[in-house]
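Colleague: after the sequence you'll find the predicted model.
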Amino acid sequence: MTPGSVQGRIINAPGLQPLFLIGDDETSRRWLQERGAVLEQMQAVGLVVNVATPERLAVVRSWLPNTLVYPASGDDLSQRLGLNHYPVLITPTAIEQ
């Protein structure tokens, strides 16, 4: 997965906890700055792909310190969700950027 534009689409995933996918890059950092309050309000969980070291993961987590952010395999997420790019928000009803 790489940073880039994501075509929004409607999904049907009742009960899915909102989650977002980001990477260790400037695009993701800016996206979190713009949407951080909304993500915290909806209690979204973050998954970070393309993070090279535990130290970089700590930096990414510092971008939104009151939110859970976990490392994840970009290849697996890409296949399961049909996504090639991030950052993206996934809710029970939509995938959106």
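Modeller: Happy to help now that I have it. Residues are numbered from 1 along each chain as shown.

Colleague: give the contact list for the residue positioned nearest the centre of the chain.
Modeller: Central residue of the chain (C-alpha atoms, centre = their mean): L21, 1.6 Å from the mean position. Contacts here follow C-beta atoms under 8 Å, 6 or more residues apart in numbering; on that basis L21 touches M1, G46, L47, V48, V49, A72, L77, L83, Y86, P87, V88, I90. To be clear about C-beta, it is placed using only N, CA and C from the backbone, and glycine gets the same treatment.

Colleague: swap the cut-off to 6 Å and go again
Modeller: By C-beta atoms under 6 Å, 6 or more residues apart in numbering, the contact list for L21 reads L47, Y86, V88.

Colleague: number of residues surrounding the residue nearest to it when sequence neighbours are not counted?
Modeller: Spatially, and ignoring its direct neighbours in sequence, L21 is nearest to Y86 (4.4 Å; C-beta to C-beta, 6 or more residues apart in numbering). Number of residues near Y86 (other C-beta atoms under 10 Å) recorded here: 27.

Colleague: the helix or strand hosting the residue nearest to the centre of the chain pairs with which strands, parallel or anti?
Modeller: Following DSSP states H and E, one finds L21 within strand 19-23. With DSSP bridges as the test, strand 19-23 is paired with strand 45-49 (parallel), strand 88-90 (antiparallel).

Colleague: CA atoms only: put it into PDB for me.
Modeller: Only the C-alpha atoms of strand 19-23 are listed here, as PDB (Å, rounded to 0.1, in the frame of the first residue of the first chain):
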ATOM      1  CA  LEU A  19     -10.800   2.100  11.900                       C
ATOM      2  CA  PHE A  20      -8.400   4.000   9.900                       C
ATOM      3  CA  LEU A  21      -5.300   3.000   7.800                       C
ATOM      4  CA  ILE A  22      -2.300   5.300   7.700                       C
ATOM      5  CA  GLY A  23       1.400   5.000   7.000                       C
END
